[in-house]
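Visitor: Here you go, sequence then predicted model.
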Amino acid sequence: MFEVATFAAGCFWGVEDDFLSVTGVVATRVGYCGGHTDSPTYHDVCNHGTGHAEAVEVTFDPLKVSYDKLLNVFWDCHDPTQLNRQGHDVGDQYRSAVFYHTEEQHQSALASRAAMESTHAFRRPIVTQIVPVTVFWEAEAYHQKYHQKNSGGCGF
């Protein structure tokens, strides 16, 4: 039985790439999560009126990869100390967030963040939100597997 995890860590194109490279991840899709607007478009989210973050929904096989391993990928793929930005990408849609689906994921995310804070892996405090998942709105087709279809990168 597959499980689902959802993460926001800046530009969803690069974040999706990081998760696609993990053995045990069976699917990803990019979209918008954590806001208050139904069926947002990329344009809507970029105009900062929806409250959504660019996010990646990760479907994974827990027999091949643990949620804790996915959390490690999440911490490694971005700077969780930057509030509402990643590198040159600025705005609330680029915030750092773990959208948990179960209480087990919630507790794992809290423990993982506490462990990261205790190791002082980052020079500044971690600002990552750990919040329950809301509706995940799939982004437009041209955003899906973007780097597989195009060359280029994100600002981070």
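Guide: Nice, I can see it. Numbers count the residues shown, from 1 in each chain.
Visitor: mean confidence score for the top helix by length along the chain?
Guide: Ranked by residue count under DSSP state H, the longest helix found in the chain is helix 103-119. When pLDDT is averaged along helix 103-119, the result is 96.
Visitor: hmm, who's touching that helix?
Guide: For helix 103-119, the surrounding residues in contact (CB atoms under 8 Å, 6 or more residues apart in numbering) are 5, 67-68, 71-72, 75, 80, 98, 100, 122, 125-126, 128, 130, 132. Every residue, glycine included, has its C-beta placed from N, CA and C.
Visitor: Select only the buried ones of those in ChimeraX?
Guide: The ChimeraX selection below is limited to those of the contacts of helix 103-119 classed as buried (16 or more other CB atoms under 10 Å):
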select :5,67,71,75,80,98,100,126,128,130
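Visitor: Now go through the contacts of helix 103-119 and say which are in helices.
Guide: Per DSSP H, the contacts of helix 103-119 map to helices at 67-68, 71-72, 75.
Visitor: Sketch out the low-pLDDT regions of this protein for me.
Guide: Scanning the chain with the threshold set as pLDDT under 70 gives 151-156.
Visitor: can you give me the strands for it?
Guide: 3-9, 25-33, 53-60, 85-86, 89-90, 96-100, 129-132, 137-138 (DSSP state E).
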